[in-house]
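Trainee: Below is the sequence, then the predicted model.
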Amino acid sequence: MMVLGAFHLNSVLAQTIQSEKQSFRVVTLTQGLQYPWSLAFLPDGRLLITERAGRLRIVQKDFTLDPKPVSGLPEIVASGQGGLFDVVLHPQYSKNGWIYFAYSEPGIGGWGTALSRGKLVGHQMTNVQVLFSMEPKTPSNHHFGGRIAFDEAGHVYLTLGDRGEMVRAQLLGDHAGSIIRLHDDGKVPKDNPFINRPGAKPEKFTLGNRNVQGVAIHPKTGEVWTHEHGPQGGDEINIIKPSRNYGWPIITYGVNYGIGTKIGEGTAKAGLEQPLHVWVPSIAPSGMAFYKGSEFANWNNSLFIGALRAETLVRLELKGDKVVHEERLLQGSIGRIRDVRLGPDQFIYLLTDERAGGLYRLEPGK
């Protein structure tokens, strides 16, 4: 395991790092971002980056940060963990121009996670459409979820947290603590698992999720993989399947903050899903990407996950749907890693969740 916590950031960026299977170096691309949350690659070489405070920023082809934020976004509540979250291009973006983004939306009773789409014209988001609005809304500042992914059939998934009110994750009539699935225009698919269940929210695809802040589509199977925050301990990875109950707060590998007391009924119960992988103690995962490419050939069949609390990039080696090995990279070197993306150049891009956050790229070592 490569531990780099003793190195100063500048030292890390100046050297080639030899991990277990691959040499690489860290290149600083953009600095001065305020708590960045997500990034997306535009076909013309520019990038979109969200800042939690509610700003959508453009990074030019030369990686300079455009000083003018994108206007035209809906009203966003930036409070606590809430704000502007994920940004994702439609799979057919070159044909339709749709950009999807998740955020904390105000409404009756408080605020909650919403999904909208729009089209970027210059520095303005136009034609904005709200596709989903979480209900009920509450004035909690915790556990919004906020990650977006498209599957191979074109469905869009949005992850939602329990909003800090754990019992909500087991309620079919509440959006909280679940993953929802929609058509790309916001309509509910007719084969959603709870669509004909009286009193259930038809958008729900799962339940029993605490706070999912990582989602990625497996490049071989097309399955939806996620990770989510546990309480004190118990961060986990899951494969998302319709109608499955992922257990929170009935089962968990974590305990109550500070006091260490048991939550729920233990770590397993019939009818509730077991995670593929668990972290105890917590790493506070955020962002995830499968690696598939030739630039880091020795990292194929690996899943990369950012960690906030652990300030590290986690590489999980996979064999099928099994995690067979874990390696931790860049520990304590660049800060809290909020997002991880595989770029069109097959390099790995990272965002750091800091007041003066940065955009970094992993490139093969020389």
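Mentor: Happy to help now that I have it.

Trainee: Okay, and the beta partners of Lys119?
Mentor: Beta bridges link Lys119 to Thr126 when assigned by DSSP bridges.

Trainee: residues touching it, list them.
Mentor: Gly97, Trp98, Ile99, Met125, Thr126, Asn127 (CB atoms under 8 Å, 6 or more residues apart in numbering). Backbone N, C-alpha and C define where each C-beta goes, glycine included.

Trainee: which one among those gets closest to Gly358?
Mentor: Comparing the contacts of Lys119 against Gly358 with CB to CB places Ile99 closest, at 22.8 Å.

Trainee: Of the contacts of Lys119, just the buried ones, ChimeraX syntax please.
Mentor: Typed into ChimeraX, the line below selects the buried ones among the contacts of Lys119, using 16 or more other CB atoms under 10 Å:
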select :97,98,99,125
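
Trainee: now, which of the contacts of Lys119 sits nearest Ile195?
Mentor: Using CB to CB, the contacts of Lys119 come closest to Ile195 at Trp98, 24.1 Å.

Trainee: Does that closest one touch His90 like I think?
Mentor: Yes: contact criterion CB atoms under 8 Å: Trp98 and His90 qualify, at 4.0 Å.

Trainee: Quick check: neighbours shared by the two?
Mentor: Jointly contacting Trp98 and His90 under the rule CB under 8 Å, 6+ apart are Arg117, Asp184.

Trainee: what comes up buried for whichever strand or helix holds His325?
Mentor: Assigned by DSSP states H and E, His325 falls within strand 322-329. Going by neighbour count (16+ other CB under 10 Å), the buried part of strand 322-329 is Val323, Glu327, Arg328, Leu329.

Trainee: again with stretch 70-88
Mentor: 70, 73-74, 76-78, 81-88.

Trainee: now swap in stretch 47-60 and tell me
Mentor: For stretch 47-60, burial by neighbour count (16+ other CB under 10 Å) applies to Leu47, Leu48, Ile49, Thr50, Glu51, Arg52, Gly54, Arg55, Leu56, Arg57, Ile58, Val59.

Trainee: tell me what the helix or strand just after the strand holding His325 is packed against?
Mentor: Later in the chain than strand 322-329, the nearest helix or strand by DSSP H and E is strand 337-342. Under the contact criterion of 3 or more CB pairs under 8 Å, 6 or more residues apart in numbering; DSSP states H and E, strand 337-342 touches strand 36-41, strand 285-291, strand 302-307, strand 312-319, strand 348-352.

Trainee: Dump the ones you listed into a markdown table; add mean pLDDT as well.
Mentor: Below are the helices and strands packed on strand 337-342 laid out as a markdown table (pLDDT from 0 to 100):
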| stretch | mean pLDDT |
| --- | --- |
| strand 36-41 | 98 |
| strand 285-291 | 98 |
| strand 302-307 | 98 |
| strand 312-319 | 98 |
| strand 348-352 | 98 |
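
Trainee: Out of the ones you listed, the one nearest Ile251 is which?
Mentor: In terms of CB to CB, the element of the helices and strands packed on strand 337-342 nearest to Ile251 is strand 285-291, at 18.7 Å.

Trainee: Could you export the helices and strands packed on strand 337-342 as TSV, including distance to Asn209?
Mentor: TSV is the format used below for the helices and strands packed on strand 337-342 (distance: least, CB to CB, whole Å):
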stretch	distance to Asn209
strand 36-41	19
strand 285-291	13
strand 302-307	16
strand 312-319	20
strand 348-352	23
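
Trainee: how close does the closest residue in space to Leu73 that isn't next to it in sequence get to Pro74?
Mentor: Spatially, and ignoring its direct neighbours in sequence, Leu73 is nearest to Met125 (5.6 Å; CB to CB, 6 or more residues apart in numbering). For Met125, the distance to Pro74 equals 9 Å [CB to CB, to the nearest Å].

Trainee: residue closest to the middle of the protein?
Mentor: With distances taken as CA atoms, centre = their mean, the residue of the chain nearest its centroid is Gly214 (3.1 Å).

Trainee: Name the SS class of the closest residue to Ser294 other than its chain neighbours, please.
Mentor: Spatially, and ignoring its direct neighbours in sequence, Ser294 is nearest to Gln346 (6.4 Å; CB to CB, 6+ apart). Here Gln346 is recorded as coil under DSSP: H, G, I helix; E, B strand; the rest coil.

Trainee: going forward, begin numbering at 33 instead of 1
Mentor: Got it, first residue is 33 now, which makes that one Gln378.

Trainee: I'd say Gln378 and Gly325 touch.
Mentor: Yes: counting by CB under 8 Å, Gln378 sits close enough to Gly325 to count as a contact (3.4 Å).

Trainee: which regions of the chain lie under the pLDDT threshold?
Mentor: For the chain, the stretches flagged by pLDDT under 70 are 33-46.
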